[in-house]
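[1] What shape does this take:
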Amino acid sequence: MMLRYALKTVRARKAGFLGAFLALLCAAALISACGTLLDTGLRGTIRTERYAATPVVVSADQYVHRTTVKHKHGKTKVKHKAKPIAERAWLPAGLETRLARTPGVARVVPELTFLAQPLTPAGTGGRSAYGHAWESAALTPYRLVSGTAPKAASDLVVDHDLAARAHLRTGDALTVQSTQAPRAYRITGIAAPATNVRHQTALFFSAAEARRLAAHPGQVTAFGVLPAHGTDPERLKHAVTRTLRGTTAQVSTGDARGTAEFLDAAAARVRLVSMGAAMGGTSLLVAVLVVVGTFALTVQQRHRELALLRAIAATPGQIRRVLGREALIIGVVAGTLGALLGLLLGAWLHARFVALGAVPATLQHTTGVVPPLAALAATLAGAWTAARIASRRITRIRPTEALAESRVEPARPAWGRIAAGLLLLAGGAVLVVLLTSLRTEPAATPVTFLAVVVLATSVALLGPLLVRAAALLLAGPLRLTGHGGRLATANLRGNAARMASVVTPLTLLIGMTCTVLFVQATLDDAARAQARAGVTADWVVAARGPGVPAAAARQLRARHDTVTEVVRTTVRIGLDKYPAQGVTPEGLARTWDPEVTAGSLDGLTDRTVAVSELAADQHRLRPGSILKLTLGDGTPATLTVAAVYGRGLGFGDLTFAHDLVAHHVDNPLASSVLVSTARTQAQLATTLREFPGLDILSPTAADSLQAYRRQDNAEVNFLAMGLVLAFTAIAVVNTIAMSIADRVREFALLRLAGATRGQVLRMLRTEVLSVLTLATALGSGIALAVLTAFSVGMTGRAAPTVTPLLYVTVVATAGLLALMASALPGRVALRVPAVTAATAKD
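    Here you go, the predicted model:
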């Protein structure tokens, strides 16, 4: 009975339910898209290319592990955690002998992988370029299509794709920037892979030259294990695993070989999981807020109908069931379409992340049934919950009171609603206070957006009171605009609940957009300010390619310049990740000042480390403390703290001696070289003329270049949260349109009382601008409070970066959306003849 009535109601009031349908559709699409990103991070395939002809691959462990044992109530609980390291871990070359003795092994091929960038006008076509020893060509396999294998140190074999793109032939010279100084090689051969290698460029050197360039004597990046004829790869895997028992080596077969080959893709899994979970969580909170508001407006528009049902003896339970089933009917249709649309949206998002470099193309987009089903379930749950919340008032009052209230809006919100709003306001304040104590970006970012949503939810609950308060404040200025202003004031006071339903999404849009735009800017500006203050060198040598070779720094030192090489990496203290750098200790005070607050950088050696105040506080460190950490390639190190410095945001949280870091990173080339000298820019350029791709910049110009490179990370963040903002913008338009479409009778009565269409539209614009003013004040206040707390925690200063022009653009865009969303339905409503509209039944 109730289901049949719900179906008839939905059929009869399609236009009335359109707003709720759109809100649920967008919510399902957003949740489904975020779910596909999360699914890709968890299950995304990384197919091998270089190891296509190698059934079993042995590689080093790329994780830092921690095992904790807890004893509670007589039970022992063992918990194991693992986090990826930033650089490639290496294996002892001596394992080759053990592997060769394993039953079923026909051949063991050692693999060396290292930086090798060909310096050609055509570049590498966007692919990563790596160098290898020619003996490892058998792992793909690569076969010569012309020429001979490399034998001398100056010989080189290039892959067929690079040769075709750069128009290279055997006998040509090719300059390669590897881990050492750039060197010209003679191309002795061109090789083509037996399989499709799409994501990397391979350069093959002689075995001796490859070992020199790899710069890891006695170590290899992997072993390819080729089975004897008739040996099953899985059986061989188990045999090799037994052979390597007691070591940290990892044995891979099938698609797992891709993880050993493409380390950046494996690391991107963690980022996608984190990004998908953060986006999905924020999307879900925003969706619930928007959908509840939309359903509340829908129920409010049907107040007369529902009151009549109460008057003819419908029980509160029956009303709840009707509204719940209506919501489920809309939720099933909207959720199904939205979940399917979200699959396309997720694929587009993955493609954009690949284009921005946030996710490597080798991590393939994965779509399963779980994300769309989860989106559908969340949509149904959200719709049903929204309907239950929206129906609470109409089901709690007596039938006669319901009929009376169907004509007049209640004088004030229910006490429960006010109490919940104040409770959420207090919760938002607690989150803002908590933000001031969070000093790492991974910890602060989720709390930042959660605080915005919680405070916006408190605005939704306290909205009617806020609208009435705003009506009192704006009464004077609105009265000056004439009759339209007086009518707008009366509507704000008399229809506060309806107006509040418009204030909520506008507040959320402005608050969330300002937070997204300015939270990254606040962090970047603080980091740039510290970096500008800390670089005291006269010039900065930067590279357009992979980095500045150590030979370039040696040439500058030979001219009696003070030179500081800077190599970037990431290390872990326990499982916590920290940005770090290696700097040349000699003459460091003349080029670099990280604002030392304790200890001295004079004692920086390969056995010591300097730490930021953040790292020192988190791990209770001071000069003389012993610090155990894991370097970028997984090598454990025990160092003594030499100094504590204040500019960690600009320079990273740990600083080592240059040589210590350079021996444990994939790219040992300096990201920049700081030079203190009396010579001019032109003289430095002359000294470095034999090193292609180097620029001599002033510290100011180098800072601008670094800021430009940071924009990629900002674009990824904007794209990630842009969908949530787009959903909120749609909710703004949707809610305003729904609110105005229900006022046909009101407009008709105004026209019958003598108001012209132009006066009604002016009244409507005045109302929208009044609501926009309130939403701007609330949204800006929320964003300012959250951004200030974020700035205090992350930078130590209550000075968030807010670009005035960008802020005005946000408010103007919100205003334009609101005016456009009100103008079209308002004009449509005024097209209905006044007499017809005034006498029409619901």
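[2] how's the protein carved up into domains?
    56-262, 545-692 (automatic domain parsing).
[3] on contacts alone, who are the packing partners of the helix or strand that contains Val502?
    If you go by DSSP states H and E, Val502 is part of helix 496-534. Judged by 3 or more CB pairs under 8 Å, 6 or more residues apart in numbering; DSSP states H and E, the packing partners of helix 496-534 are helix 263-301, helix 441-479, helix 648-651, helix 699-741, helix 757-795, helix 804-831. The C-beta positions use only the backbone N, C-alpha and C, and glycine is treated the same way.
[4] Now it: buried residues?
    Within helix 496-534, the residues that count as buried by 16 or more other CB atoms under 10 Å are 496-531, 534.
[5] the inter-axis angle of the helix or strand just after that helix versus helix 699-741?
    Next helix or strand after helix 496-534 toward the C-terminus (DSSP H and E): strand 539-543. Strand 539-543 and helix 699-741 are oriented at 60 degrees to each other (axes from the mean of the first three to the mean of the last three CA atoms, to 10 degrees).
[6] Quickly run through the sheet partners of strand 539-543, with directions.
    Strand 539-543 pairs in its sheet with strand 672-676 (antiparallel), strand 694-697 (antiparallel), by DSSP bridges.
[7] how distant is the shortest one from the center of its chain?
    Think strand 694-697. The gap between where strand 694-697 is centred and where its chain is centred comes out at 32 Å by CA atoms, centre = their mean, to the nearest Å.
[8] Likewise for the first one?
    Its chain's average C-alpha position is 32 Å from that of strand 672-676, according to CA atoms, centre = their mean.
[9] ok, then the element right after that strand?
    helix 681-687.
[10] Quick one: residues in contact with that next one.
    Trp539, Val541, Gln555, Leu556, Arg559, Asp561, Val675, Thr677, Ile696, Ser698 (CB atoms under 8 Å, 6 or more residues apart in numbering).
[11] tell me which residues of the helix or strand hosting Val109 are tucked away?
    Remark: Val109 resides in strand 105-111, with elements defined by DSSP H and E. Neighbour counts using 16+ other CB under 10 Å place Val105, Val108, Val109, Pro110, Glu111 of strand 105-111 among the buried residues.
[12] what's the answer for stretch 460-473, then?
    Buried residues in stretch 460-473 (16+ other CB under 10 Å): Ala460, Leu461, Leu462, Gly463, Pro464, Leu465, Leu466, Val467, Arg468, Ala470, Ala471.
[13] Next up, the contacts around the residue lying closest to the first one once chain neighbours are set aside.
    This means Ala460. The shortest distance from Ala460 to any non-neighbouring residue, by CB to CB, 6 or more residues apart in numbering, is to Thr504 (4.2 Å). Shown in contact with Thr504 (CB under 8 Å, 6+ apart): Leu289, Gly293, Ala456, Val459, Ala460, Gly463, Thr735.
[14] So which of the residues you listed wins on neighbours?
    Tallying neighbours with other CB atoms under 10 Å puts Ala456 at the head of these, with 29 neighbours.
[15] Verify the contact between it and Ile782 for me.
    Yes. At 6.6 Å, Ala456 and Ile782 qualify as touching, with contact defined as CB atoms under 8 Å.
[16] got a list of contacts for stretch 95-104?
    58, 105, 107-108, 110, 220, 223, 225, 227-228, 231, 235-236, 239-240, 243-244, 247, 249.
[17] Just the ones of those in helices?
    Arg235, Leu236, Ala239, Val240, Thr243 (DSSP state H).
[18] Neighbour-wise, which one of these leads?
    Counting neighbours by other CB under 10 Å, Val240 comes out on top of the ones in helices among the contacts of stretch 95-104 with 25 neighbours.
[19] thinking again about what came up before, return the closest of the ones in helices among the contacts of stretch 95-104 with respect to Ala414.
    Val240 (68.9 Å; CB to CB).
[20] what's the spacing between that closest one and Val108?
    Distance, Val240 to Val108, using CB to CB, to the nearest Å: 10 Å.
[21] which neighbours do those two share?
    Common neighbours of Val240 and Val108 (CB under 8 Å, 6+ apart) are Leu99, Val225.
[22] and the helices and strands packed on helix 496-534 as a markdown table, adding mean pLDDT?
    A markdown table is the format used below for these (pLDDT from 0 to 100):
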| stretch | mean pLDDT |
| --- | --- |
| helix 263-301 | 78 |
| helix 441-479 | 86 |
| helix 648-651 | 91 |
| helix 699-741 | 76 |
| helix 757-795 | 90 |
| helix 804-831 | 86 |
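[23] so which of these is the most packed in?
    Compared across those, helix 648-651 shows the largest average neighbour count, a mean of 24 (mean count of other CB atoms under 10 Å).
[24] and the helix or strand that it is followed by, what's its mean pLDDT?
    Counting by DSSP H and E, the next helix or strand C-terminal to helix 648-651 is strand 654-657. Averaged across strand 654-657, pLDDT comes to 97.
[25] just stretch 627-640 next, same as before
    96.
[26] same question, stretch 429-436
    Here the average pLDDT along stretch 429-436 is 95.
[27] re earlier: any idea of the angle the helix holding Val502 forms with helix 757-795?
    Orientation check (the same axes, to 10 degrees): helix 496-534 against helix 757-795 gives 40 degrees.
[28] nearest to Ala138, of the helices and strands packed on helix 496-534?
    Taking CB to CB, helix 263-301 is the member of those nearest to Ala138, at 21.7 Å.
[29] which one of the ones in helices among the contacts of stretch 95-104 sits closest to Leu422?
    Nearest to Leu422 out of the ones in helices among the contacts of stretch 95-104 is Val240 (CB to CB; 64.2 Å).
[30] Contact partners for that closest one?
    Val56, Val58, Leu99, Thr102, Val105, Val225, Val251.
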